[in-house]
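Chemist: Below: sequence and its predicted model.
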Amino acid sequence: MLHVSTRGEAPALGFADALLAGLARDGGLYWPQDWPEFSADAVAGLAGVSYAEAARRVIGPFVGGEVEPGAFARMVDDAYATFRHPAVCPLTQIGDNLFVLELFHGPTLAFKDVAMQLLGRLMDHVLEQRGQRATIVGATSGDTGSAAIEAFRGRERVDIFILYPHGRVSEVQRRQMTTVGDANVHAIAVEGDFDDCQALVKAMFNHHRFRDEMGLSGVNSINWARIVAQVVYYFTAAVSLGAPHREVSFSTPTGNFGDVLAGWVAKRMGLPVGRLNVATNANDILARALATGRYEVTGVTPTTSPSMDIQVSSNFERALFEAHGRDAAAVRRMMASLGQSRAFEIAPGALAALRADFSAGTVREDAVAAEMRRTWTQAGYLLDPHTAVGVASGRDLLAADPATPVVALGTAHPAKFPDAVRAATGVSPALPAHLADLLERPERFSVLPNDQAAIERFVSERGRAARKGAA
Ligand SMILES: Cc1ncc(COP(=O)(O)O)c(C=O)c1O
Ligand SMILES: N[C@@H](CCOP(=O)(O)O)C(=O)O
């Protein structure tokens, strides 16, 4: 299976090369050239199989022959053995035809573990086969960073540098990144917001000399392997609610558009999906873009769902590529306009294509707190603020079509955001046992300015020291 760049000016790559590449060399994102199709029988055949088996069937066609099937099967088993729930991603009903898909039973309590636990194993395997090392650079608003650090800590072939916005992640999120003692892990607090961190990471990838010298790889959802691993739970959730004999809609708390895009991929592969709802917090750029056809950056508002405090939503580029009939020149024009004037227009035909699959809703701070309270009072179920955005917006979907089940993606454990949960419900969610002493562990991190040269110097010096140590 080949992967093409959304900007059309980088070489097409196989799965393993795309896995290590991160961002394409033309600044675009890799995306499969073709889509494997799942027949209704193949979808029905997922009923009753383990999550790991479903993952093998859904991800397998994308990996093709590039990873030996026995090794791939073992990596999938090992990845999902790290989850604390036997179903890995269980569904819980919280209302009539309303469900939460719990994606937070992995080691770092957010949905990022579902992909990252597999990605870490796949990358390590490919690097070992090739006798290579990699320097991973990643940007996080809190959850990708902790999941990536957990997945790559102590791995001999990898140094990992995670950039997070100084003072803008929850204490639990920060400590999950800064209390890890392994020498190959580097947590960097950047004096800026998440968009600054993401722009720095992309700038490092676009600085080709630095990229090649350091052997840069990415673990953000710019990496296609992240998205494909997330496709699986759309299949397992829909099948448990009656697919392929029935449509199911999803309400996905959205920031970088990776998770909801995984739902689009599932639909494209043949899963009968009703609406894919882009649920945003007060940082509503995606909802505005789908309503007006104009994507316009207006500045980030800090919220109680900080992981979604994002304006430049990376994966929207992949959706635009599809919606424009894979016209890479159109994508290049839109991205150039975004770079120059912080905005671009979506062509009417492409906007109609996007609206055919995606709806959108914005849930502002009062409504997020009200949803946490309501679900706790009515269903005795604690939501984290991100999941609350998905549930609140999912209720609107359900009101418009009460017959189609709505699954809100439960993207984080409430204990990751205890202050917001306590303020809304009066309940203090406890951290699971393996993190019970997190708040007492010593921290280690570096504060750096929002400056590409300073970050590159840091990565280069620390990376060189690690490579010397490993030699
Ligand atoms: C808890 C949580 N919910 C939702 C999101 C949004 O997901 P995506 O960026 O894939 O749209 C994120 C961050 O990405 C997150 O960490
Ligand atoms: N919310 C994310 C932001 C980065 O998203 P990614 O899916 O592109 O890695 C986070 O928690 O870091």
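Modeler: Yep, that arrived. Ligands and ions are numbered 1, 2, ... in the order given.

Chemist: which stretches of the stretch 201-350 of the chain form helices?
Modeler: Counting by DSSP state H, counting those that start in this stretch, one finds helices in the stretch 201-350 of the chain at the ranges 208-214, 224-240, 258-268, 285-292, 316-323, 328-341, 348-357.

Chemist: Could you list the contact residues of this protein toward ligand 1?
Modeler: 110, 143, 221, 253-259, 307-308, 386, 411-412 (C-beta under 6 Å from any ligand atom). The way it works is simple: take the backbone N, C-alpha and C, and place the C-beta from them, glycine included.

Chemist: related to what we said a few turns ago, quick one, which of the helices of the stretch 201-350 of the chain is nearest to D34?
Modeler: Among the helices of the stretch 201-350 of the chain, the nearest to D34 by C-beta to C-beta is helix 258-268 (10.5 Å).

Chemist: Report the mean per-residue pLDDT for that closest one.
Modeler: Averaged across helix 258-268, the pLDDT comes to 98.

Chemist: now the angle from that helix to helix 285-292?
Modeler: 50 degrees (axes from the mean of the first three to the mean of the last three C-alpha atoms, to 10 degrees).

Chemist: now helix 258-268: how far from the chain's centre is it?
Modeler: 11 Å (C-alpha atoms, centre = their mean, to the nearest Å).

Chemist: Mind listing residues that contact that helix?
Modeler: If you take C-beta atoms under 8 Å, 6 or more residues apart in numbering as the criterion, helix 258-268 is touched by 35, 58, 111, 221, 226-228, 230-231, 234-235, 238, 250, 252-254, 273, 276-278, 314-315, 318-319, 322, 357-358, 409, 411.

Chemist: so where does the closest residue to A379 other than its chain neighbours fall, helix or strand?
Modeler: Once flanking residues are discounted, A379 sits nearest to I94: 4.3 Å by C-beta to C-beta, 6 or more residues apart in numbering. With secondary structure defined by DSSP states H and E, I94 is part of strand 91-95.

Chemist: got the contact list for A10?
Modeler: Contacts of A10 by C-beta under 8 Å, 6+ apart are A24, R25, D26, G28.

Chemist: Show me the two of those residues that sit farthest apart.
Modeler: Spatial extent of the contacts of A10 (C-beta to C-beta) is set by the pair R25 and G28 at 8.6 Å.

Chemist: quick one on the thing from earlier: may I see the PyMOL selection of the buried members of the contacts of A10?
Modeler: Buried members of these, defined by 16 or more other C-beta atoms under 10 Å, are picked up in PyMOL with:
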select buried, resi 24+25+28
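
Chemist: now the helices of the stretch 201-350 of the chain as a markdown table including mean neighbour count and distance to A453?
Modeler: A markdown table is the format used below for the helices of the stretch 201-350 of the chain (neighbours: other C-beta atoms under 10 Å; distance: least, C-beta to C-beta, whole Å):
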| stretch | mean neighbour count | distance to A453 |
| --- | --- | --- |
| helix 208-214 | 14 | 10 |
| helix 224-240 | 25 | 28 |
| helix 258-268 | 25 | 29 |
| helix 285-292 | 19 | 29 |
| helix 316-323 | 23 | 26 |
| helix 328-341 | 15 | 19 |
| helix 348-357 | 15 | 37 |
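
Chemist: For my notes, please list these in a markdown table and give distance to ligand 2 for each entry.
Modeler: Formatted as a markdown table, the helices of the stretch 201-350 of the chain follow (distance: least, C-beta to the nearest ligand atom, whole Å):
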| stretch | distance to ligand 2 |
| --- | --- |
| helix 208-214 | 18 |
| helix 224-240 | 6 |
| helix 258-268 | 4 |
| helix 285-292 | 13 |
| helix 316-323 | 11 |
| helix 328-341 | 16 |
| helix 348-357 | 19 |
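
Chemist: Could you export these to TSV, including columns for distance to L398?
Modeler: Formatted as TSV, the helices of the stretch 201-350 of the chain follow (distance: least, C-beta to C-beta, whole Å):
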stretch	distance to L398
helix 208-214	46
helix 224-240	15
helix 258-268	17
helix 285-292	18
helix 316-323	24
helix 328-341	33
helix 348-357	18
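
Chemist: before we move on, back to that, ok, of the contacts of A10, which one's closest to E461?
Modeler: For the contacts of A10, the closest approach to E461 (C-beta to C-beta) belongs to R25, at 24.8 Å.

Chemist: Below-threshold pLDDT in the stretch 101-250 of the chain: ranges please.
Modeler: Within the stretch 101-250 of the chain, no stretch has pLDDT under 70.

Chemist: near ligand 2, which residues of it?
Modeler: For the stretch 101-250 of the chain, the contact set with ligand 2 under C-beta under 6 Å from any ligand atom comprises T140, S141, G142, D143, T144, G145, N220, S221.

Chemist: my guess is the third one contacts Q173, does it?
Modeler: Think G142. Yes - between G142 and Q173 there is a contact under C-beta atoms under 8 Å: 3.5 Å.

Chemist: neighbour-wise, which of these two wins?
Modeler: Just comparing G142 and Q173: by other C-beta atoms under 10 Å the higher neighbour count belongs to G142, 29 against 25.

Chemist: ok, now which ones touch that one?
Modeler: Applying C-beta under 8 Å, 6+ apart, the residues contacting G142 are Y164, V169, S170, Q173, R174, P306, S307, K416.

Chemist: any idea how far the residue nearest to A379 is from S50?
Modeler: Going from I94 to S50 by C-beta to C-beta, to the nearest Å gives 25 Å.

Chemist: same check, this time on P432
Modeler: Distance from P432 to S50, by C-beta to C-beta: 22 Å.

Chemist: Just the closest residue of the stretch 51-200 of the chain to ligand 1, please.
Modeler: Here the stretch 51-200 of the chain gets closest to ligand 1 at one residue, D143, 3.3 Å apart by C-beta to the nearest ligand atom.

Chemist: got the contact list for that residue?
Modeler: Neighbouring residues of D143 by C-beta under 8 Å, 6+ apart: T108, A110, F111, K112, Q173, S307, T411, A412, K416.

Chemist: So which of those is surrounded by the most neighbours?
Modeler: That'd be K112 among these, by other C-beta under 10 Å, with 33 neighbours.

Chemist: Was I right to think that one contacts T144?
Modeler: Yes - K112 is in contact with T144 according to C-beta under 8 Å; the separation is 5.2 Å.

Chemist: re earlier: so which of the contacts of D143 are in strands?
Modeler: Among the contacts of D143, none falls in strands (DSSP state E).

Chemist: out of the residues you listed, what pair is the most spread apart?
Modeler: F111 and Q173 (13.6 Å).

Chemist: low pLDDT regions in the stretch 351-471 of the chain?
Modeler: Along the stretch 351-471 of the chain, the model assigns pLDDT under 70 to residues 464, 466-471.

Chemist: And the helices in it, which stretches?
Modeler: So, for the stretch 351-471 of the chain - with DSSP H, counting those that start in this stretch - the helices run 365-379, 385-400, 418-425, 452-470.

Chemist: Tell me which of those sits most buried.
Modeler: Per residue and on average, the most neighbours among the helices of the stretch 351-471 of the chain fall to helix 385-400, with a mean of 26 (mean count of other C-beta atoms under 10 Å).
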